[in-house]
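Peer 1: for reference, the sequence and a predicted model appear below.
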Amino acid sequence: MNPESILSKIRNPGDVKALDKSQLEPLATEIRKRIIEVTAANGGHVGPNLGVVELTIALHRIFDTPKDRFVFDVSHQGYVHKLLTGRNDEKFNLIRQKDGYSGFLNREESEHDCYGAGHAGTALSAALGMAAARDQRGTDENVVAVCGDAAFTCGITLEALNNITDSTKRLVVILNDNEWSIDKNVGALSRYFNELITTPIYNRMNEDFEAFLKRVPGGESLIRLGSKWKRETKDFFASSSIFENFGLRYIGPIDGHNIGELEQYLKFARNAPEPLVLHVITKKGKGSDVAIAQPERFHGTSPFDPETGSSKPGAPGSPPKYQDVVGEAVVAHCKKDKTIVGITAAMPSGTGFDKLRDSLPQQYYDVGIAEEHAVLFAAGMATNGLHPVCAIYSTFLQRGIDPIIHDICLQNLPVLFCMDRAGLSPNDGATHHGLFDIAYLRGVPRTVIMQPQNEDELTDMVATGLQHQGPAFIRYPRGSGTGVPIKKEPKILEIGKAEVIRQGQDVQIWALGTMISEAETIASRIAEISDLSVGVVNARFAKPIDSALLQEQAKSAKLIVTLEDHVRTGGFGTAVLEDLSDAGIPTPVERIGWPDQFIEHGNSNKDLRQAFGLDPQSIFDRVNQRLEAIGATQNLPTSS
Ligand SMILES: Cc1ncc(C[n+]2csc(CCOP(=O)(O)OP(=O)(O)O)c2C)c(N)n1
Ligand SMILES: CC(=O)[C@@H](O)[C@H](O)COP(=O)(O)O
Ligand SMILES: [Mg+2]
């Protein structure tokens, strides 16, 4: 480690406080270098973290974690906080990788991480809860919520904002405004924040505000700081900010890269006897020309060349990403039918809907990070002649389960949900794996839930979902397809009909989606080393399942095996169990899926499946043991 390195001597926030002012800029430079190095090697949220280096340094110089509590919204911008709280080590080199730190704050990782996250919009409510608890207990810790500008497009952030002055007297809210979500931020609040940025602080310094500043230690200096601009306009007192209408003091805009100034405002905020918002202006990707030039690309990126910004290109002719297949399919349908529209909740590129935005903007809506609103918005559209397609990651659609039940299904509305990232999001981990959607949807009347075996069948399911005059859900994984050719004209599938892809009698493996390749591997191996005949079925539908085929097969089979990239509890395998039980068919069912626990982050699907016994070998062994247990065969030799 470079002996001159300041960062290498930081073991805890106390060391940050002890630094001389002259060491702070060099520290910021070192931190940026470290973040760029690690994310260039492994990928990660480089842009958001480069934008909060000075802010995080200033926070740790003015407040005292773990006594004081920082709540970062999403917390994808928590790498700097980790580096300053004793985690500048080998596990940081592996952040979001197997054996590395989580890419988000995690209570189990450090006492300085008072709250975990990964989904947006939770920070203000959680921080308010902590402040109210403090007031109840009569303690005096400070609570600071660090919310990005796009976090304010989340309804729950506004629910918390509405509740602050009813629930506490002291709360520091930092609006980290870089004008970007993953893509450009959207909506009226985003435009409003931009107006505030162009209206310097002195415009809002009315008598009451100046009196407030004078009452608080450090406030006088802010008056001087705030009035450093010449007061040249006659309308000296502009209208107050939206925050003051919610009962909070608003101070801003503040240069989010000036540590000295930040420290002054944070010191003031620490002493303020009222909840207040510091509006901090930052540059997403600051310190990296390539990240500044491409904020959307470098919000969260795969490994890249820090000089050129280029990522390792996919092998020529590699299969298309599922998100892009969906994007292109929806564009094709929108071109033919103007009543079809696409809705994303702040994830245009991740869902492939950037294709719809760029080609048919009049049939495209980005509602911001507002999944429950997206579902309700779609419901309204569907009652008025449109057929909306909502592209929302499986994990983020968890936010929409109530309007899915109460508005979409109860009213039986024609809305198609494209649930990307169903299955693992290996680097993001437990907050992002889409492993619960069948369970949270299957129990709701009128849902149709399907998963394609490949990108070609995905286009069939998009067409089928759009023809279906009711709620339809397609789940598919993060990443690329299998490379099969995609037919020009998609086929309409018969709802609830499965496809037999290998004939068999003794063992029938029912697989959902991408687990079919595992099913075929296992079927071949069992057939090779035993006299059992093994069939494989592409289930296609988790609801309604193909009950007629299942029951016909089960009557003569020794064992039914189900495979799904979903938790076992309440998943596809449970649907099979229920169907056979209801029919009084006693054939045993071996359900293969994720266990009833949260799955941490890792390097790849393969790594995590290996770790949780969902790799082909482990699945074979489990089926083998079950076959032996039911006396179907002597213990099959497990191959090496
Ligand atoms: C409920 C939910 N929806 C979508 C996302 C995906 N997401 C992660 S960060 C982000 C944008 C956050 O923007 P902002 O709050 O402004 O923070 P910045 O990245 O600009 O620092 C989005 C949409 C999420 N994490 N949670
Ligand atoms: C932090 C967050 O929620 C997003 O940035 C997420 O990491 C994107 O995931 P994908 O990379 O799978 O689109
Ligand atoms: Mg932002």
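Peer 2: Received the coordinates, thanks. Ligands and ions are numbered 1, 2, ... in the order given.
Peer 1: so what pairs up with the residue in the stretch 51-200 of the chain that ligand 3 sits nearest to in the strands?
Peer 2: Relative to ligand 3, the nearest point of the stretch 51-200 of the chain is Gly148 (3.8 Å; Cβ to the ion). In this view, the C-beta of every residue, glycine as well, is placed from N, C-alpha and C. Beta-bridge partners of Gly148, counted by DSSP bridges, are Asn176.
Peer 1: show the pLDDT at it.
Peer 2: pLDDT recorded at Gly148 is 98.
Peer 1: burial of it, as a residue count?
Peer 2: 31 (other Cβ atoms under 10 Å).
Peer 1: make sure it is actually in contact with Val173.
Peer 2: No: contact between Gly148 and Val173 fails when scored by Cβ atoms under 8 Å: they sit 11.8 Å apart.
Peer 1: residues of the lengthiest helix in the chain that come out buried?
Peer 2: The longest helix of the chain (DSSP state H) is helix 24-42. Residues of helix 24-42 classed as buried under the neighbour-count rule (16 or more other Cβ atoms under 10 Å) are 24, 27-28, 30-32, 34-36, 38-40, 42.
Peer 1: do that helix and ligand 1 meet?
Peer 2: No: if you take Cβ under 6 Å from any ligand atom as the test, helix 24-42 misses ligand 1, and the best it gets is 13.4 Å.
Peer 1: would you mind identifying the next helix or strand past that helix?
Peer 2: Next along the chain after helix 24-42, taking DSSP states H and E as the criterion, comes helix 46-50.
Peer 1: quick one: is that following helix near ligand 1?
Peer 2: Yes: Helix 46-50 lies within reach of ligand 1 by Cβ under 6 Å from any ligand atom, at Pro48.
Peer 1: who touches Ala430 in this structure?
Peer 2: Gly118, Phe598, Ile599, Glu600, His601 (Cβ atoms under 8 Å, 6 or more residues apart in numbering).
Peer 1: so which residues on this structure come close to ligand 2?
Peer 2: So far as Cβ under 6 Å from any ligand atom goes, the chain lies against ligand 2 at Val74, His76, Ile182, His299, Gly300, Gly350, Arg421, Ser425, Asp428, Arg478.
Peer 1: closest one of the buried residues of helix 24-42 to Ala583?
Peer 2: Asn42 (49.8 Å; Cβ to Cβ).
Peer 1: which residue is the nearest non-sequential neighbour of that closest one?
Peer 2: Closest residue to Asn42 apart from its sequence neighbours, by Cβ to Cβ, 6 or more residues apart in numbering: Gln97 at 5.5 Å.
Peer 1: contacting residues for the residue in the stretch 51-200 of the chain positioned nearest to ligand 2?
Peer 2: Residue nearest to ligand 2 within the stretch 51-200 of the chain: His76 (4.0 Å; Cβ to the nearest ligand atom). His76 is in contact with His45, Pro48, Asn49, Gly103, Phe104, Gly118, Gly300, counting by Cβ under 8 Å, 6+ apart.
Peer 1: likewise Thr29?
Peer 2: Gly287.
Peer 1: separation between the residue nearest to Lys17 when sequence neighbours are not counted and Val280?
Peer 2: In this structure, Lys17 finds its nearest non-sequential neighbour in Arg61, 5.2 Å apart by Cβ to Cβ, 6+ apart. As for Arg61, its distance to Val280 is 15 Å (criterion: Cβ to Cβ, to the nearest Å).
Peer 1: out of these two, which sits in the busier spot?
Peer 2: Counted by other Cβ under 10 Å, Arg61 and Val280 do not tie: Val280 has more neighbours, with 28 against 21.
Peer 1: relative to Ala269, how far out is the more buried one?
Peer 2: 11 Å.
Peer 1: what's the closest of the residues of the chain next to ligand 2 to Ala575?
Peer 2: The closest of the residues of the chain next to ligand 2 to Ala575 turns out to be Arg421 (Cβ to Cβ; 21.7 Å).
Peer 1: which residues are in contact with that closest one?
Peer 2: Arg421 is in contact with Gly350, Tyr393, Ser394, Thr395, His432, Gly434, Pro477, Arg478, counting by Cβ under 8 Å, 6+ apart.
Peer 1: by neighbour count, which of the residues you listed wins?
Peer 2: Neighbour counts for those, by other Cβ under 10 Å, peak at Ser394, which reaches 29 neighbours.
Peer 1: after the helix or strand that contains Asp456, which helix or strand is next?
Peer 2: Per DSSP H and E: Asp456 is located in helix 455-467. Sequence-wise, the next helix or strand downstream of helix 455-467 (DSSP H and E) is strand 472-475.
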